[in-house]
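A.B. asks: compute the structure for the input listed below.
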Amino acid sequence: MNAGPLTRPDVPDPGARNRTDWPRLAARTLGVPAALLLSREADGSRVERPHGDPSLLGALRAGMDRAMASAEPQAAAGALAVPVRDASGTVLGALAIAEPGRAWKQPDLGLLMELAAGAAAELAARDAMTALRDSEERFRAMFEGAAIGVLVVTMDGRIVQTNAAYREMVRLGEKELHGLEFWKLNHPDDTDGNLSLFRDMAAGRRSSYRVEKRYLLPSGNTIWVHLAASAVRDGAGKPRFCVAMVENVTGRKAAEERLRHDALHDALTDLPNRTLFGTRLAQAAARTGDDGAPRPFAVVFLDLERFKLVTDSLGHLKGDELLRIVAARLLACVGPADTVARFGGDEFVLLLDGVGDAVEAARRAEQIQAALSAPVSLGGYEVFTSASIGVALSADGQGHPDELLRNADAAMYHARSLGAERFAVFTRSMHHESLRRLQLETDLRQAVRRGEFRLVYQPIVELATERTVGWEVLVRWHHPERGLVGPVEFIGVAEDTGLIVPLGRWVLREACRQLAAWEAEYPADDPRFVCVNLSARQFGDARLLQEVEAAVGEHGLRPGSLKLELTESTVMRDPDQAIPLLRRFRALGIPIYLDDFGTGYSSLSLLHQLPLDGLKIDRSFVQRADGTAVVQTIVALARSLGVAIVAEGIEEPAQFAALRAMGCEYGQGYLFARPMDPEQVPASLGRPIAVAAS
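C.D. replies: A predicted model of the protein is given here:
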């Protein structure tokens, strides 16, 4: 290791003992035949230095032990011993003289004590030098063997000593480092701040400092280090040199950066997440152009279409793959000043810099739609996706981030209402519609809690006898302020928010209760029934089977008294799960009808596997002039399947006559009756329904 501020060549060899022969000097000074100096070592051992007649050593030792134990002079016949003490009074040993038969006088004691003081000074100096040398050896051992880098720097900034760990860290040898200005190792961007701290320490304005900085290695690589520097001062308090401990913290910095990145990015796509997007949106809102005016930008809210179909059909791993592909396509549509973020699920949000009008916004939205419309290969399947896109211009939200996000979201919902693969640029009317929908959702939640719903019953008529055999149950909302709210207005909101599940649960129980009440008060030989519609969310609820069984059992309904209606899309969404559940319903004696048949998509081979009890022909086929062939086909299909057939939307006598002629068993519609309040139903029991001009 290079000679430097820590090297002390003037320190005596700790192996050298007392330079003065104090026993010989004592014997000559006091004219005695024997003397002995005893010193106590740091490790507890004793070192004796005798002089003169060996036969007198026993007497000398006895006196010395007493002097050391009492820290006081001890005189006996033929021997005189005094303790050897340092300036603090610590006993370092003893000095004794012996002469048989001699009577010791005060001058003898005084001379021996002066000699002992001299021996004490030399022993203390010896111990101090030994301790200093041991301390320096320990420091050198720790310096060179330290696991972290250590270096010594002069106060003009030149490196004079380094340990092996430091040399390994910076990939430089001892000769290359010696005399090098320490800041030559710094990354150029970190030099100024580090130099300022060092100069403060060199000027005596600080005694130490800590800093994290980068080293630029000879290879061109960069590492992060944590450096703790301390000044070593001379006796006058002036900084003499600096000792710095340096730890390579590149791994920790990388981990911290990864944590920061993960906290601000989506784990699946590595796009910015909602938090980071919010920060960039706020920055965009505060940005101005060269003229001082706010710089325009647009917020684009994007919701994928048919994403759930992909995950339901191909699994969530393929769904994740699709999201990553969509993320890559969106990134390809934007520039370096733009941001693409994933908010979760199948929602993406874009921040487009410089987009200031509806024309440019529409062009960018069309570009995104085109990028997403290209087919995607997933697990051997060619999948097509698209998105509903809403765009909000910065000028429409006065640059306020929350308002812009809300506007883009409202525009996206408006685009979705227009149909698939559409986009919309925000207008104020959309904001009013969003507020109306929000209020409707709030009122709907309260309505479920307060019980503001009522059921109405539309008769289902046996066409051959024109008698009512059952009722389709329909729900109505009696709003305390708005009056009657139609199902078209609130059912979609209930489905989107999940409120359809508790609402549907109440409909099921109330319909069963009402039918049981009619059966008890107006008994009939032929069983009557109620048909209750199940939404897709209800059908996917794990508790549905138990709730249906409980409602039927609680009111003691006969088998077949409760029929459940499901749409084709609900059943066909996941036939592998739907079929076992339908079979369990059938085992409970609960028939299943497929509602709005013909409007969805059904595989005929799969339709034969479904445990169905009836098909309901959608009103659109019944009411269309050219729908006769479709209706005949459905009636024939029902016969081949051995299930009942119900025609919906019968409003004209001619429709009724045609359906009866085709062999359609049941029908419902305004020709027979509009939906009735429960109080109106008993009047229609037991008599044919009135059919005008039938």
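A.B. asks: neighbours of the closest residue to residue 415 other than its chain neighbours, how many?
C.D. replies: With C-beta to C-beta, 6 or more residues apart in numbering as the criterion, residue 415 has its nearest non-adjacent residue at 4.0 Å, and that residue is residue 424. Every residue, glycine included, has its C-beta placed from N, CA and C. Close neighbours of residue 424, defined as other C-beta atoms under 10 Å, add up to 23.
A.B. asks: distance from the chain centre to stretch 23-43, please.
C.D. replies: 79 Å (C-alpha atoms, centre = their mean, to the nearest Å).
A.B. asks: just the buried residues of it, please?
C.D. replies: Neighbour counts using 16 or more other C-beta atoms under 10 Å place 23, 25-27, 30, 32, 34-40 of stretch 23-43 among the buried residues.
A.B. asks: again, but for stretch 536-556
C.D. replies: 537, 538, 539, 540, 541, 544, 547, 548, 551, 552, 555.
A.B. asks: what does stretch 493-512 give?
C.D. replies: By neighbour count, with 16+ other C-beta under 10 Å as the criterion, the buried positions of stretch 493-512 are 493-495, 499-501, 503-505, 507-512.
A.B. asks: repeat for stretch 167-185
C.D. replies: The neighbour-count check on stretch 167-185 (16+ other C-beta under 10 Å) flags 167, 169, 170, 172, 177, 180, 182, 185 as buried.
A.B. asks: pLDDT added to the residues you listed, as JSON lines?
C.D. replies: Rendered in JSON lines, the data for the buried residues of stretch 167-185 read as follows (pLDDT from 0 to 100):
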{"residue": "167", "pLDDT": "91"}
{"residue": "169", "pLDDT": "89"}
{"residue": "170", "pLDDT": "91"}
{"residue": "172", "pLDDT": "93"}
{"residue": "177", "pLDDT": "92"}
{"residue": "180", "pLDDT": "92"}
{"residue": "182", "pLDDT": "90"}
{"residue": "185", "pLDDT": "92"}
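A.B. asks: what's the closest of those residues to residue 353?
C.D. replies: Taking C-beta to C-beta as the measure, residue 185 is the one of the buried residues of stretch 167-185 closest to residue 353, at 40.0 Å.
A.B. asks: from residue 225, how far out is that closest one?
C.D. replies: Between residue 185 and residue 225 the computed distance is 9 Å (C-beta to C-beta, to the nearest Å).
A.B. asks: same check, this time on residue 418
C.D. replies: For residue 418, the distance to residue 225 (C-beta to C-beta) stands at 59 Å.
A.B. asks: who has more neighbours, these two?
C.D. replies: Each of residue 418 and residue 225 had its neighbours counted (other C-beta under 10 Å), and the higher figure belongs to residue 225 (24 against 11).
A.B. asks: residue 338: neighbour count?
C.D. replies: Counted by other C-beta under 10 Å, the residues lying close to residue 338 total 21.
A.B. asks: re the thing from before, closest one of the buried residues of stretch 167-185 to residue 250?
C.D. replies: The shortest approach to residue 250 among the buried residues of stretch 167-185 belongs to residue 169, at 9.9 Å (C-beta to C-beta).
A.B. asks: what sits against the nearest residue to that closest one once chain neighbours are set aside?
C.D. replies: Nearest residue to residue 169 in three dimensions, chain neighbours excluded: residue 149, at 4.8 Å (C-beta to C-beta, 6+ apart). The contact partners of residue 149, taken as C-beta atoms under 8 Å, 6 or more residues apart in numbering, are 162-163, 165-170, 225, 245-248.
A.B. asks: and the pLDDT at residue 149?
C.D. replies: Confidence at residue 149, expressed as pLDDT, is 86.
A.B. asks: now do it against residue 418, distance only.
C.D. replies: If you measure residue 149 against residue 418 using C-beta to C-beta, the figure is 66 Å.
A.B. asks: got any ranges where the stretch 1-150 of the chain has weak pLDDT?
C.D. replies: 1-19, 42-43, 128, 130-132, 134-142, 145 (pLDDT under 70).
A.B. asks: for residue 566, what are its contacts?
C.D. replies: For residue 566, the contacting residues are 533, 534, 539, 592, 593, 594, 595, taking C-beta under 8 Å, 6+ apart as the criterion.
A.B. asks: and residue 299, by the same measure?
C.D. replies: Contacts were defined as C-beta under 8 Å, 6+ apart; by that measure residue 299 touches 281, 349, 350, 351, 352, 391, 392, 394, 404, 405, 407, 408.
A.B. asks: rewinding a little: so what's in contact with residue 185 and residue 225 at the same time?
C.D. replies: Both residue 185 and residue 225 are contacted by residue 215, under the criterion C-beta under 8 Å, 6+ apart.
A.B. asks: I'd like the contacts of residue 149 laid out as TSV, including secondary structure.
C.D. replies: Formatted as TSV, the contacts of residue 149 follow (DSSP: H, G, I helix; E, B strand; the rest coil):
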residue	secondary structure
162	strand
163	coil
165	helix
166	helix
167	helix
168	helix
169	helix
170	helix
225	strand
245	strand
246	strand
247	strand
248	strand
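A.B. asks: and those residues, which is closest to residue 430?
C.D. replies: Using C-beta to C-beta, residue 225 is the member of these that sits closest to residue 430, with 55.2 Å.
A.B. asks: test my guess that that closest one contacts residue 213.
C.D. replies: Yes - Residue 225 lies in contact with residue 213 (C-beta atoms under 8 Å); the separation is 6.3 Å.
A.B. asks: ranking helices and strands of this protein by mean pLDDT, which lands last?
C.D. replies: Of the helices and strands making up the chain, the lowest-confidence element is helix 604-607, at a mean of 68, by mean pLDDT, DSSP states H and E.
A.B. asks: C-terminal to it, what's the next element?
C.D. replies: Reading on from helix 604-607 to the C-terminus, the next helix or strand found by DSSP states H and E is strand 614-617.
A.B. asks: if we can go back for a sec, bridging residues for the residue nearest to residue 415?
C.D. replies: Using DSSP bridges, the beta-bridge partners of residue 424 come out as residue 390.
A.B. asks: per-residue pLDDT of it, please?
C.D. replies: Residue-level confidence at residue 424 comes out at 89, pLDDT.
A.B. asks: same thing with residue 190?
C.D. replies: According to the predicted model, the pLDDT of residue 190 comes to 87.
A.B. asks: let me know how buried it is, in neighbour terms.
C.D. replies: Burial of residue 190, expressed as a neighbour count using other C-beta under 10 Å, amounts to 19.
A.B. asks: try residue 333
C.D. replies: Other residues near residue 333 come to 19 when the count uses other C-beta under 10 Å.
A.B. asks: domain assignment for the chain?
C.D. replies: By the record's domain assignment, the chain is partitioned as 22-142, 146-253, 265-426, 441-673 (automatic domain parsing).
A.B. asks: quick check: bridge partners of residue 305?
C.D. replies: Once the bridges are assigned, which here means DSSP bridges, residue 305 pairs with residue 386.
A.B. asks: list just the nearest of the contacts of residue 149 to residue 218.
C.D. replies: Using C-beta to C-beta, residue 170 comes nearest to residue 218 of the contacts of residue 149, at 8.2 Å.
A.B. asks: my guess is the closest one meets residue 216, correct?
C.D. replies: No - the criterion here is C-beta under 8 Å, and residue 170 misses it with residue 216 at 9.6 Å.
A.B. asks: which residues do these two both contact?
C.D. replies: Taking C-beta under 8 Å, 6+ apart as the contact criterion, the common neighbours of residue 170 and residue 216 are residue 185.
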